[in-house]
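Chemist: structure for the following, please:
(2 chains)
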2 protein chains.
Amino acid sequence: MLKKLDELIEIAQQKKKRRLAVAAAGDTAVLQAVKRAVENEIIIPILIGNQENIEKFAGDIGFDLTNITIYNQPDSKDASRKAVSLIRQGEADIVMKGVVSTAPLLKAVLDKEYGLRKGGTLSHFALIESPHYHKLFGVTDAAMNIAPEFQEKVDMVNNAVEIFHGLGNPEPKVAIIGPLEVVNPRIEATAHAAMLSKMNERGQIKKCLIDGPFAIDNAVSKRAAEQKGISGEVAGDADILMTPELNSGNVLYKTLMFLGGSTSAAIIMGARAPIVLTSRADTEKSKMMSIALAAAM
Amino acid sequence: MLKKLDELIEIAQQKKKRRLAVAAAGDTAVLQAVKRAVENEIIIPILIGNQENIEKFAGDIGFDLTNITIYNQPDSKDASRKAVSLIRQGEADIVMKGVVSTAPLLKAVLDKEYGLRKGGTLSHFALIESPHYHKLFGVTDAAMNIAPEFQEKVDMVNNAVEIFHGLGNPEPKVAIIGPLEVVNPRIEATAHAAMLSKMNERGQIKKCLIDGPFAIDNAVSKRAAEQKGISGEVAGDADILMTPELNSGNVLYKTLMFLGGSTSAAIIMGARAPIVLTSRADTEKSKMMSIALAAAM
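Modeler: Alright, predicted model coming up:
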């Protein structure tokens, strides 16, 4: 059971060093996070972007580029395509977004001919360290799927579960979140939660324990669950919280970060390689931990 | 600017003592909260329910019932109707739910002939004290409106604003929450936020400052708002956070309470009188503060 994001670094160190292809790497904050990941010996970076900028910014922060592969691709679309093609050619293991907007990078990832699709749904996953919970837990989806259809939710569960397997938890507990803990046919989130739970019971979704609907309280507090008469192994001890749509996923994630004292690492799952897609507002630690998460799983 | 829920008691003490009609009062936890409100001299209780139980439980906790009006209505539906009729007759100012389910109490409140409707939408409002924010703030709606239509959202804003006026803030800052801070026509929450903001600018919604869409971070953190280039008086300093539907409202409220170290007071607004509608899981302090909130506004 992981309790601190820092443990991701140790896990990643025990595994084969992953090759990180950074699309549009010419940015101080991005290079700073990559530098720290290199210092922790968890990745081998491949820097793609405006070579002149990369060398200048690396110099500014004392990042020694000796023996590091750099591809000079000043156009950010070209840089995105190059990062994706390195994965396809087996020359990189993780894609990281640099100073390119999310849209062109995802366009390159999703390209039907040259991209990294493998059939399922791409989804955002955040691993959270909260002072109010007894272990790290996952939140999906705070950033990608606006109003996922049912089958997309199945994919999202599997994407999140795959991360926990990679981190050494063979059967993570998945709480499907709704605004209450009973099935109400007028509230789709609760109907979907019942279906996902039953699919898990029947072996249609494997290697995890799914239960729901839960409101947040019953998912993370044994006491709250007991007061409502909810038993089962997931109640009060969830590893993964899956929200019904983007509105609630984003509110959950941002409330944890900005009104809950939490820190996080986040990646996009569902493509042939994990994608590190941090935003400018993320702290340097959060960016570095997102790399560590991709490298650890 | 209020910083602590405890300040509600002082505000209520400065106002005329409100008469609190408790429907189905025969419960130790309910009577304990009422007792504390009486001790703080903020309400005059009127207890409705099974008189024998009320007297027994009051005796257990040392609650002196001398000079307190009791109506013996052992049936919880009758007790709900009695509480509502006391408001209509001008003999009570606040309704409080005791050991009756929410449904029959709301049925009595919403009854077209004998109820407390005044034309608008009923909505849930929670006043939050968070260790991660510089003042008390409101959250609406965590418990009542599943998927409010646009006009219902206008009512919900007005309901929340009315509370802040009662607490001495003549122009509260209302942040309309969505999963991102730009207008995206595919995401209704963001379209509604734009419309509510403009209605405020044009004087269609008065005595408050409305802005949105905001994700939670831009609404509560000036730094996060600045990083996204969002200015204005509401950004980073919101008094009220309005979520687009129940999924995200419930997630926001419960994350604050169970993963954010917050405490709260909550009431239902939009009827002719505020309704204190606490749940079994609420702490005694939360129940007492909900009474204080209703009495203070």
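
Chemist: is chain B contacted by stretch A:227-237?
Modeler: Yes - between stretch A:227-237 and chain B, judged by CB under 8 Å from any CB of the partner chain, the touching residues are A:227, A:228. For every residue, glycine as well, the C-beta is placed using N, CA and C.

Chemist: how many neighbouring residues does residue A:162 have?
Modeler: When neighbours are defined as other CB atoms under 10 Å in any protein chain shown, residue A:162 has 18 of them.

Chemist: can you tell me the closest non-neighbouring residue to it?
Modeler: Closest residue to residue A:162 apart from its sequence neighbours, by CB to CB, 6 or more residues apart in numbering or on different chains: residue A:269 at 6.6 Å.

Chemist: do the helix or strand of chain A with the lowest mean pLDDT and chain B meet at all?
Modeler: Taking mean pLDDT, DSSP states H and E as the measure, helix A:102-110 is the helix or strand of chain A with the lowest mean score, a mean of 91. No - interface with chain B: helix A:102-110 contributes nothing (CB under 8 Å from any CB), its closest point being 11.3 Å away.

Chemist: mind listing residues that contact that helix?
Modeler: Residues outside helix A:102-110 that contact it (CB atoms under 8 Å, 6 or more residues apart in numbering or on different chains): A:23, A:76-77, A:80-81, A:83-84, A:95, A:97, A:114-117, A:122, A:271, A:275, A:277.

Chemist: distance from that helix to the middle of the chain?
Modeler: 16 Å (CA atoms, centre = their mean, to the nearest Å).

Chemist: what pairs with whatever helix or strand comes next after it, parallel or antiparallel?
Modeler: Sequence-wise, the next helix or strand downstream of helix A:102-110 (DSSP states H and E) is strand A:123-129. Pairing partners of strand A:123-129, with direction, according to DSSP bridges: strand A:137-140 (antiparallel), strand A:263-269 (antiparallel).

Chemist: quick one, phi psi at the closest residue to chain B within the stretch 1-150 of chain A?
Modeler: Among the residues of the stretch 1-150 of chain A, residue A:132 lies nearest to chain B; the distance is 4.7 Å by CB to the nearest CB. Note on residue A:132: backbone dihedrals following degrees, to the nearest 10 are phi -110, psi 10.

Chemist: contact partners for it?
Modeler: Counting by CB under 8 Å, 6+ apart, residue A:132 has contacts A:260, A:261, B:258, B:259, B:260, B:261.

Chemist: let me see the ranges of the strands in the stretch 1-150 of chain A.
Modeler: A:18-23, A:43-49, A:69-72, A:94-97, A:123-129, A:137-140 (DSSP state E, counting those that start in this stretch).

Chemist: picking up where we left off before, so which of the contacts of residue A:132 is surrounded by the most neighbours?
Modeler: Neighbour max across the contacts of residue A:132 (other CB under 10 Å) = residue B:259, 27 neighbours.

Chemist: excluding sequence neighbours, find me the nearest residue to it.
Modeler: Using CB to CB, 6+ apart, the nearest residue to residue B:259 is residue A:132, at 4.7 Å.

Chemist: how much space separates that neighbour from residue B:255?
Modeler: As defined by CB to CB, to the nearest Å, residue A:132 lies at a distance of 9 Å from residue B:255.

Chemist: near chain B, which residues of the stretch 1-150 of chain A are found?
Modeler: So far as CB under 8 Å from any CB goes, the stretch 1-150 of chain A lies against chain B at A:130, A:131, A:132, A:133, A:146.

Chemist: which of these are buried, as a ChimeraX select command?
Modeler: Of the residues of the stretch 1-150 of chain A next to chain B, the buried ones can be selected in ChimeraX as follows, counting by 16 or more other CB atoms under 10 Å in any protein chain shown:
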select /A:130,132,133
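
Chemist: which single one of the residues of the stretch 1-150 of chain A next to chain B is nearest to residue B:187?
Modeler: residue A:146 (6.1 Å; CB to CB).

Chemist: what's the closest one in contact with, if anything?
Modeler: Applying CB under 8 Å, 6+ apart, we find residue A:146 in contact with A:245, A:246, B:179, B:186, B:187.

Chemist: same question, residue A:170
Modeler: Contacts of residue A:170 by CB under 8 Å, 6+ apart are residue A:207.

Chemist: element containing it?
Modeler: Short version, using DSSP H and E: residue A:170 is in no helix or strand.

Chemist: just to revisit the earlier point, what's the most distant pair in the residues of the stretch 1-150 of chain A next to chain B?
Modeler: A:131 and A:146 (30.5 Å).

Chemist: ends of stretch A:166-173, how far apart?
Modeler: Distance between the boundary residues of stretch A:166-173 (CA to CA, to the nearest Å) amounts to 15 Å.

Chemist: re earlier: just the strands of the stretch 1-150 of chain A: most buried one?
Modeler: strand A:94-97 (a mean of 28; mean count of other CB atoms under 10 Å in any protein chain shown).

Chemist: pull the distance from that strand to the chain's centre.
Modeler: Relative to its chain's centre, strand A:94-97 lies at 12 Å (CA atoms, centre = their mean).

Chemist: show me what it is packed up against.
Modeler: Secondary-structure packing of strand A:94-97 (3 or more CB pairs under 8 Å, 6 or more residues apart in numbering or on different chains; DSSP states H and E): strand A:18-23, helix A:76-88, helix A:102-110, strand A:275-276, helix A:284-296.

Chemist: run through the stretch 51-200 of chain A and note the low-pLDDT ranges.
Modeler: Regions of the stretch 51-200 of chain A meeting the criterion pLDDT under 70 are absent.

Chemist: for stretch A:51-62, buried residues please.
Modeler: Neighbour count says stretch A:51-62 has A:51, A:53, A:54, A:57, A:58 buried, by 16+ other CB under 10 Å.

Chemist: which ones among the contacts of residue A:146 lie within helices?
Modeler: residue A:246 (DSSP state H).

Chemist: looking at the contacts of residue A:146, which has the most residues close by?
Modeler: That'd be residue B:179 among these, by other CB under 10 Å, with 25 neighbours.

Chemist: ok, back up a step: looking at the strands paired with strand A:123-129, which is nearest to residue B:283?
Modeler: That would be strand A:137-140 among the strands paired with strand A:123-129, by CB to CB, at 23.8 Å.

Chemist: for that closest one, give me every contacting residue.
Modeler: Strand A:137-140 is contacted from outside by A:123-128, A:130, A:156, A:159-160, A:163-164, A:172, A:220, A:238-243, A:249, A:252-253, A:256, using CB under 8 Å, 6+ apart.

Chemist: so where do the helices sit in the stretch 151-297 of chain A?
Modeler: All helices of the stretch 151-297 of chain A, identified by DSSP state H, counting those that start in this stretch, fall at A:188-201, A:216-220, A:222-227, A:246-259, A:284-296.

Chemist: let's have those in JSON lines, adding distance to residue B:109.
Modeler: Shown next, in JSON lines, are the helices of the stretch 151-297 of chain A (distance: least, CB to CB, whole Å):
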{"stretch": "helix A:188-201", "distance to residue B:109": "25"}
{"stretch": "helix A:216-220", "distance to residue B:109": "25"}
{"stretch": "helix A:222-227", "distance to residue B:109": "25"}
{"stretch": "helix A:246-259", "distance to residue B:109": "28"}
{"stretch": "helix A:284-296", "distance to residue B:109": "46"}
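
Chemist: select, out of those helices, the one closest to residue B:291.
Modeler: Per CB to CB, nearest to residue B:291 of these: helix A:222-227, 20.9 Å.

Chemist: so what secondary structure elements neighbour that closest one?
Modeler: When contacts are defined as 3+ CB pairs under 8 Å, 6+ apart, helix A:222-227 sits against helix A:216-220.

Chemist: show me what the helix it packs on is packed against.
Modeler: On a contact count with 3+ CB pairs under 8 Å, 6+ apart, helix A:216-220 meets strand A:173-177, helix A:222-227, strand A:240-242, helix B:246-259.

Chemist: nearest to residue A:213, of the ones you listed?
Modeler: Ranking the helices and strands packed on helix A:216-220 by proximity to residue A:213 (CB to CB) places strand A:173-177 first, at 5.9 Å.
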